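Novice: For reference, the sequence and a predicted model appear below.
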Amino acid sequence: MNKLLRRVMAVRTAAQLLLLTVLPLTVILGIISFGSISMHQQAMRRLVSERDVRAVVAIAGSIGAIFQHKTDMLVMVADSSARMSQRDGALLIEPDQTHEYPGGIAVYDQQGVLIAHTSTADSWAQSNSLLSGAFKVSPVENTAIGSYNGMVVFQAHDHARNVIVIGMMPFSDLHFDTLANPPEMTHSSSEAGAVDAYLFGPDGSVLIDTLTAGAIRRTRMSDQPGVVEALQGQSGGLFRVDANGGDEHVVSYAPIATSAGLTGLGVIIEEPWETVLDPLMRYSLAVPLITLPVLLLAVIAVMFGLRRIVQPLQRLDQQARDIGHGNYDVLNKPVHGIDEIEQLQNTLRKMVDQIQADQERLRNYARAVTETQEAERKRLARELHDDTIQNLVVLSQRIQVTRQKIAKEQPHIAAQLDDLRGIVLRTIEDVRRFSRALRPIYLEDAGLAAALDRLVDEANDNERHNPNPESTPACTVTFTVRGTVARLKPEVELALFRIAQEALTNALRHASPSTISVVLSEVPTGRVQLVIEDNGRGFTITDGPTEPVRTAAAHSTGGFGLLGIHERAMLIGAGVDIRATPGHGACVTVLYPTVD
């Protein structure tokens with residue numbers, strides 16, 4: 001039994017371990033995996049965006065510093081224009097100043113008439129579009145910066161001398177590709193770290209760009225997120241989905257400004273989000289793909305555990321409870337569990353078979369003992385009736401004859417003989433009562449109902465002759481027959497009579513009741529029902545078919561008598577229901593099926 005319980009506990013512990021550890025840990029692992037990856041991605045996006053914003057601000061700052069230097073030099077040229085020497089319309093300035101503007105320098109008056117220019121400005125100096133604003137220039141106080149034919153235009157005003165000075169340099173001199181992708185940020189074998197960079201004008205047109213392999217060249221960026229913000233003097237970063245490839249890009253923007261203010265130009269750098277992630281991060285994105293199958297397997301394992309372990313164990317537990325109530329047939333229904341649980345049920349079934357075999361042997365033994373006991377009672381009852389009572393009757397008669405002979409000569413001895421004859425007569429009545437208790441004559445002659453009626457009458461007679469009415473109040477016993485109860489087999493009637501006799505004796509001896517009712521009836525289901533109920537002090541009943549017997553025996557309240565009731569009922573195939581409540585009496589109900 002202990003081995004069986006250990007196996008039950010081992011399987012149950014395994015099931016509880018599965019439910020209480022595997023599933024919660026798997027769920028927690030999934031939550032942590034998804035949460036950590038999501039948090040890591042958010043942190044990476046924020047870091048990459050901040051990095052690119054710092055980069056684009058640095059690029060815009062570098063270009064702004066170049067523009068600041070160029071405009072400062074052009075202002076110096078305007079301030080020294082009075083000292084400029086002209087020869088055939090050519091402007092002669094210092095060589096270092098000419099070097100600052102490879103595209104040339106030109107000086108105009110307020111009406112736009114060309115005053116002088118360097119030789120490198122021959123291709124554009126005569127164009128009036130520069131002064132009319134047709135070129136892309138944003139004026140800032142006394143200076144302006146714009147673009148013209150792939151060159152950066154710098155313009156300065158000298159209001160004191162009423163002259164306008166314009167200088168040009170190629171966009172290539174900005175070294176934009178180097179600013180956008182410094183050598184230390186890229187490596188030749190891969191595109192990792194390289195970005196697409198654009199320098200755009202006030203209308204969103206691209207003035208110069210540097211693109212990675214596979215990037216699509218654009219001429220205008222007016223609809224590009226970040227352009228309007230940069231032209232308004234804002235810098236920042238955002239993420240957008242590329243309309244061509246569908247992948248996500250990191251976009252950062254910043255305005256180009258000098259000390260005089262915004263130039264009307266801006267810089268945007270853009271790179272695919274996938275190229276930002278290092279290989280470890282790319283592999284970490286596959287964690288959900290691994291976690292999901294693991295989670296699915298865990299759910300399947302838990303469902304398997306519920307279906308093949310937990311639920312079969314619950315069914316086996318219920319079967320064990322039913323066995324405790326005497327229902328042994330429940331083990332014929334399989335529990336459909338894993339092999340260990342099936343083996344456990346088989347072990348339990350073998351144990352129950354052994355218990356049933358032992359109970360059958362005990363029942364046969366009890367039947368043999370009961371039959372022997374009843375035969376011995378019958379023999380004793382016959383001997384008491386045929387020998388002892390007859391001898392006592394003869395003794396009584398001889399005492400009577402002797403009294404009549406000496407009544408006149410010795411009246412005092414005659415009185416003593418009368419007392420002696422009274423004792424003999426009472427002894428005869430007691431022996432007859434003992435004989436009827438050993439073998440009720442009414443049961444054999446008139447049936448169960450008559451025998452029970454006589455039993456109740458004797459109980460009432462005994463209660464009326466109670467020697468201690470104060471300490472033990474008299475009890476009233478009633479007997480009722482409901483319906484027509486046919487004669488049963490002799491052994492059945494004898495068993496029912498003994499049950500009623502034992503229940504009545506237990507109640508009178510241990511419960512101190514004021515009333516006891518005995519009811520014999522035939523119920524509609526074709527069974528004979530015998531009920532003995534009292535209003536005595538009762539006792540506590542716990543779970544199980546034989547627990548009332550054990551409880552009563554443990555408290556010395558007629559438990560062995562109840563055990564006898566239970567055994568006698570089983571011998572004839574009757575059911576017994578014993579109900580009791582402390583302080584409210586007890587009730588014994590026996591149901592015997594008259595039809596098999």
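Specialist: Cool, the structure landed.

Novice: ok, residue 576 touching residue 592?
Specialist: No - using CB atoms under 8 Å, residue 576 is not in contact with residue 592, being 10.2 Å away. All C-beta spots, glycine's among them, are computed from the backbone N, C-alpha and C.

Novice: Just give me how far the biggest helix by length in the chain sits from the chain centre.
Specialist: In the chain, with assignment by DSSP state H, the single longest helix is helix 23-79. Centroid separation for helix 23-79 versus its chain: 44 Å, with CA atoms, centre = their mean, to the nearest Å.

Novice: ditto for stretch 313-321
Specialist: Worked out by CA atoms, centre = their mean, stretch 313-321 lies 22 Å from the chain centre.

Novice: cool, stretch 263-275 as well?
Specialist: That offset, for stretch 263-275, works out to 50 Å (CA atoms, centre = their mean).

Novice: Okay, buried residues for it please.
Specialist: 263-273, 275 (16 or more other CB atoms under 10 Å).

Novice: now, which of those residues lie within helices?
Specialist: In helices, judged by DSSP H, the following of these are found: 273, 275.

Novice: Excluding sequence neighbours, find me the nearest residue to residue 256.
Specialist: Excluding its sequence neighbours, the residue lying closest to residue 256 (CB to CB, 6 or more residues apart in numbering) is residue 265, at 4.4 Å.

Novice: Any figure for the gap between the one you found and residue 60?
Specialist: Noted for residue 265: a distance of 9 Å to residue 60, by CB to CB, to the nearest Å.

Novice: okay, and the common contacts of these two?
Specialist: 255-256 (CB atoms under 8 Å, 6 or more residues apart in numbering).

Novice: so the residue nearest to residue 256 makes contact with residue 253?
Specialist: No - here residue 265 does not reach residue 253: they are 11.7 Å apart, not a contact under CB under 8 Å.

Novice: Not counting its own residues, what contacts stretch 62-76?
Specialist: 97, 100-101, 105, 142-143, 145, 152, 154-156, 165-167, 169, 174, 176, 179, 199, 256-260, 263, 265, 267.

Novice: run the last query once more with 7 Å
Specialist: 97, 100, 143, 145, 154, 156, 165, 167, 169, 174, 179, 256-259, 263, 267 (CB atoms under 7 Å, 6 or more residues apart in numbering).

Novice: Beyond the lowest-mean-pLDDT helix or strand in the chain, next helix or strand please.
Specialist: The least trusted helix or strand in the chain, going by mean pLDDT, DSSP states H and E, turns out to be strand 136-140, with a mean of 41. Next helix or strand after strand 136-140 toward the C-terminus (DSSP states H and E): strand 143-148.

Novice: Would you pull up how far that following strand lies from the middle of the chain?
Specialist: Remark: strand 143-148 is offset 70 Å from the chain centroid, using CA atoms, centre = their mean.

Novice: before we move on, what about stretch 204-217?
Specialist: 56 Å.

Novice: per-domain residue ranges of the protein.
Specialist: What automatic domain parsing lists as the domains of the chain is 36-185+192-284, 338-439, 452-596.

Novice: Let me have those in TSV, adding distance to residue 446 as columns.
Specialist: Putting those into TSV (distance: least, CB to CB, whole Å) gives the following:
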stretch	distance to residue 446
domain 36-185+192-284	91
domain 338-439	13
domain 452-596	9
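
Novice: quick one: which of the ones you listed is nearest residue 299?
Specialist: Evaluated with CB to CB, the domains of the chain place domain 338-439 nearest to residue 299, the distance being 18.3 Å.

Novice: Rounded mean pLDDT for that closest one, please.
Specialist: On average, the pLDDT along domain 338-439 is 84.

Novice: Quick check, residue 427 in contact with residue 392.
Specialist: Yes - contact criterion CB atoms under 7 Å: residue 427 and residue 392 qualify, at 5.9 Å.

Novice: the more surrounded of the two?
Specialist: Taking other CB atoms under 10 Å, residue 427 and residue 392 do not tie; residue 392 has more neighbours (19 against 15).

Novice: ok, that one to residue 423 distance?
Specialist: Counting by CB to CB, the gap from residue 392 to residue 423 is 10 Å.
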